[in-house]
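S.K.: give me a 3D structure for the following:
(one chain, ligands or ions: 3)
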Amino acid sequence: MTHNDSDTHHNHNQCIKTALATAESLCAAQGQRLTKVRRRALELIWESHRPLGAYQLLAKLAEEGFNSAPPTVYRALDFLLTAGLIHKVESMNAYLGCAHADKVHKGYFLICDQCHNVMEFDYQDIHSALREKAALQGFELRSETIELTGLCARCRSESTTGAQI
Ligand SMILES: [Zn+2]
Ligand SMILES: [Zn+2]
Ligand SMILES: [Zn+2]
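M.R.: Ligands and ions are numbered 1, 2, ... in the order given. Sure, this is the predicted structure:
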């Protein structure tokens, strides 16, 4: 099943195109190579706004005849993570393409329980607030995992259509 609910809402091909173009220019700027397997892995992750697990990615790459040995795939994922082109959604143990790869940021996520689409949301205020609160306890933040679950706007509107006056 590759059906993606969010496709009807926006032009997802544009998301993919932009993501790949950003990846190309970021890699070029950093003197890195977006090898075939890295590029294809990124494209597959961007197939939808649902995070993709490493094993799903591995299976897709194998189907396409890439060297899909786990180390190859994990190296490609590591590269994409380090480059900021994807995020890991910890609670789903899966990877999501980042639409703001050209800006340094943490990934804070809204995860829809129903369609499993994941949206990133703006982090700067929350980040500053967390850092301040932690500092009050003499605590220095090193990592932040913020993953909120609920219903996305689309699923909410679907679940109330016809059911309410
Ligand atoms: Zn999209
Ligand atoms: Zn991001
Ligand atoms: Zn949803």
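
S.K.: dig out what the residue positioned nearest the centre of the chain forms beta bridges with.
M.R.: Centroid check for the chain by Cα atoms, centre = their mean gives L96 as the closest residue, at 1.8 Å. As for beta bridges, L96 partners with H87 under DSSP bridges.

S.K.: make sure it is actually in contact with P51.
M.R.: Yes. Here L96 reaches P51: they are 4.4 Å apart, a contact under Cβ atoms under 8 Å. All C-beta atoms are positioned from the backbone trio N, CA, C, and that covers glycine.

S.K.: any idea how far N67 is from the residue nearest to the centre of the chain?
M.R.: Counting by Cβ to Cβ, to the nearest Å, the gap from L96 to N67 is 24 Å.

S.K.: care to break the protein down by domain?
M.R.: 10-98, 105-165 (automatic domain parsing).

S.K.: most tightly packed of those?
M.R.: By mean neighbour count, with neighbours taken as mean count of other Cβ atoms under 10 Å, domain 10-98 ranks first of the domains of the chain at a mean of 17.

S.K.: shared neighbours of L96 and P51, anything?
M.R.: Here L96 and P51 share the contacting residues I45, V89, V118, scored by Cβ atoms under 8 Å, 6 or more residues apart in numbering.

S.K.: just these now: which is nearest G107?
M.R.: Among those, V89 lies closest to G107 (Cβ to Cβ), at 7.5 Å.

S.K.: residues in contact with the nearest residue to that closest one once chain neighbours are set aside?
M.R.: Of all residues not flanking V89 in the chain, P51 sits nearest, at 4.6 Å (Cβ to Cβ, 6 or more residues apart in numbering). Contacts of P51 were listed using Cβ under 8 Å, 6+ apart, and they are I45, V89, M92, A94, Y95, L96, H116, V118.

S.K.: quick check, the fourth one in contact with H49.
M.R.: It refers to A94. No. The pair A94 / H49 is not scored as a contact, 11.7 Å apart, by Cβ under 8 Å.

S.K.: ok, residues contacting the host helix or strand of L42?
M.R.: According to DSSP states H and E, L42 maps onto helix 36-45. For helix 36-45, contacts defined as Cβ under 8 Å, 6+ apart pick out 16, 19-20, 23, 34, 51-52, 57, 60-61, 64, 66-67, 72-73, 76-77, 79-80, 85-86, 95-97.

S.K.: return the distance of it from the chain's centre.
M.R.: Counting by Cα atoms, centre = their mean, to the nearest Å, helix 36-45 is centred 13 Å from the centre of its parent chain.
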